[in-house]
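Chemist: Dropping a prediction and its sequence here:
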Amino acid sequence: MKLHRRTILVFVIFGVMGTIRTTQAQVLRLTLEEAVRVALQKNHALAEARHEVGRADARVREAWGYALPSIDIAGRYTRAIKRPVFFFPNIFDSTAFRRGDVRAIEIGSANSIDLNVTVSQVLFNSAVFTGVGSARIYSQATREVYRAKLIETITAARKAYYAVLLAAEVREMMRANMRNAEENVRNATILAAQGLISEYDKLRAEVGLANLRPEAIRAENNYDLALNSLKVTLGLAVNDSVEITGTLTYEPVDEGVLRSGAESVLEANPSLGALRYQLEVNDAITRVERSNFLPSLAAFGTYQFQTQQNDLRISTHDFVRSSLAGVTLSLNLFDGFRTTARVEQAALDARKTQEQIAYTEQSLKAAVQATVMSLRRAKERIDAQERTVEQAERGYRIAVTRFTTGSGTQLEVNDAQLALTTARTNRVQAMYDYLVAAADLDQLLGRKPSYVQSAAEE
């Protein structure tokens, strides 16, 4: 009996250990590079843009199809329930012509089989050939839209990842503050018991610890929210286990990029490039609509097999072959001004796109200038906050030392703790603002960071 219980206990232990290993194996640990790679693979908006590229390629093939020959085969079997008739004058009665008498004569057979093969080829149709060029331009425009969506996805993944790192930094600061405050309460309790500080200083230390708890809880919640937002951006499920590695690290942007950004954005921005392709598409559509004023010329040929029998005993020798070929010329003379209206609509769409391009160019220039300004200011804040954090840390150590030796007050410790927390928060916030602005600048300039080049091409 004891052996049986031991066996069950061993299986339970191994089962629990296996569950722990499985849970640990399912945790997805992400660096910034890996987060971007996951986003490029699973982001739903990017997948939708990728499908649109495939759809555009299919439209190019469809447009070419109108210019290629068309071959149709059709077969028909007919069973005459009541055969049709022709009416002829009754030539066997000499008075029939005077009386108007006619005679009904059945024609055809009870069974009829027809097989037709028809080939047609467009010789001249401006709308068809212009449509091929329009489809190609549309395909190029779709690829530019996809490139814009790809860079947008990279930027969104970077910014969401930076937000998690910022939340993690703030959470760790609040945890450190809680540890310092707890240590401060322990010291205050000891000093108060020895009569070295007043009961008021002890209460101040305890109130300071209590005031930090809501901030620490808020920091934990903000981290969870930022992590969930990252999962959604990457295309992961919210209940997926994810761990983030890394810290907010200052990565300076090349000064040459900052100086030339306002000019290069007009050439490099993918959204603006997509609009320019859209303008070409509008112009092509205008040409297609105008081509409806021109004639259309096509060649055709038909090869036919047919037979008729009163019974179904039909062999290949019973079929009669016939063929014909020709050309068709068509020209619309009047369609109620519909073509004219379509040409006008297409021309107005082109003008509307021109206005969008002009507005986008101005907006992009302003956006680049604002982003560059944000980068420079964030860099100044980073440099300033580095010195401020050093001074705040030194001030906090001095305040704690003074308090533990009885020459300082709890108020000084609280003030020093607040100053240190503010300095550290401002530093990581400046770092975060700089990295986010750098990501925005890359998106405006259509740039992919070097560490995601290979992933972005997948």
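Modeler: Cool, the structure landed. Just so we're clear, the structure is a prediction, and the values are computed from it rather than from any experiment.
Chemist: centre of the chain versus the helix or strand hosting Ala141, how much separation?
Modeler: Secondary structure assigned from DSSP states H and E places Ala141 in helix 126-193. Chain-centre distance of helix 126-193: 16 Å, with Cα atoms, centre = their mean, to the nearest Å.
Chemist: just checking, next helix/strand downstream of that helix?
Modeler: Scanning forward in sequence from helix 126-193 by DSSP H and E, the next helix or strand is helix 199-234.
Chemist: Buried by neighbour count: which residues of that following helix qualify?
Modeler: Residues of helix 199-234 classed as buried: 201-202, 204-206, 208-209, 212, 216, 219, 222-223, 226-231, 233-234 (neighbour count, 16 or more other Cβ atoms under 10 Å). For every residue, glycine as well, the C-beta is placed using N, CA and C.
Chemist: Tell me what angle that helix forms with helix 126-193.
Modeler: For helix 199-234 against helix 126-193, the angle by axes from the mean of the first three to the mean of the last three Cα atoms, to 10 degrees is 160 degrees.
Chemist: what's the following helix or strand after helix 199-234?
Modeler: Helix 199-234 is succeeded, C-terminally, by strand 242-244 (DSSP H and E).
Chemist: what sits up against that following strand?
Modeler: Here strand 242-244 makes contact (Cβ atoms under 8 Å, 6 or more residues apart in numbering) with 27-30, 35, 161, 164-165, 168, 227, 230-231, 236.
Chemist: That one pairs with which strands?
Modeler: Using DSSP bridges, the strands paired with strand 242-244 in its sheet are strand 28-30 (parallel).
Chemist: what's downstream of the partner strand, the next helix or strand?
Modeler: Going down the chain from strand 28-30, the next helix or strand is helix 32-42, by DSSP H and E.
Chemist: The helix or strand following that next one relative to helix 32-42, how many degrees between them?
Modeler: Downstream of helix 32-42, the first helix or strand assigned by DSSP H and E is helix 44-67. Angle between the axes of helix 44-67 and helix 32-42 is 40 degrees (criterion: the same axes, to 10 degrees).
Chemist: among the contacts of strand 242-244, which ones are buried?
Modeler: Buried members of the contacts of strand 242-244, counted by 16+ other Cβ under 10 Å: 30, 35, 161, 164-165, 168, 227, 230-231, 236.
Chemist: okay, those in CSV with pLDDT next?
Modeler: Converted to CSV, the buried ones among the contacts of strand 242-244 look like this (pLDDT from 0 to 100):
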residue, pLDDT
Leu30, 88
Ala35, 90
Tyr161, 94
Val164, 94
Leu165, 93
Ala168, 92
Leu227, 92
Leu230, 92
Lys231, 91
Leu236, 88
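Chemist: okay if I get the contacts of strand 242-244 as a markdown table plus distance to Val372?
Modeler: Shown next, in a markdown table, are those (distance: Cβ to Cβ, whole Å):
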| residue | distance to Val372 |
| --- | --- |
| Val27 | 39 |
| Leu28 | 35 |
| Arg29 | 34 |
| Leu30 | 30 |
| Ala35 | 26 |
| Tyr161 | 23 |
| Val164 | 26 |
| Leu165 | 23 |
| Ala168 | 28 |
| Leu227 | 31 |
| Leu230 | 27 |
| Lys231 | 32 |
| Leu236 | 33 |
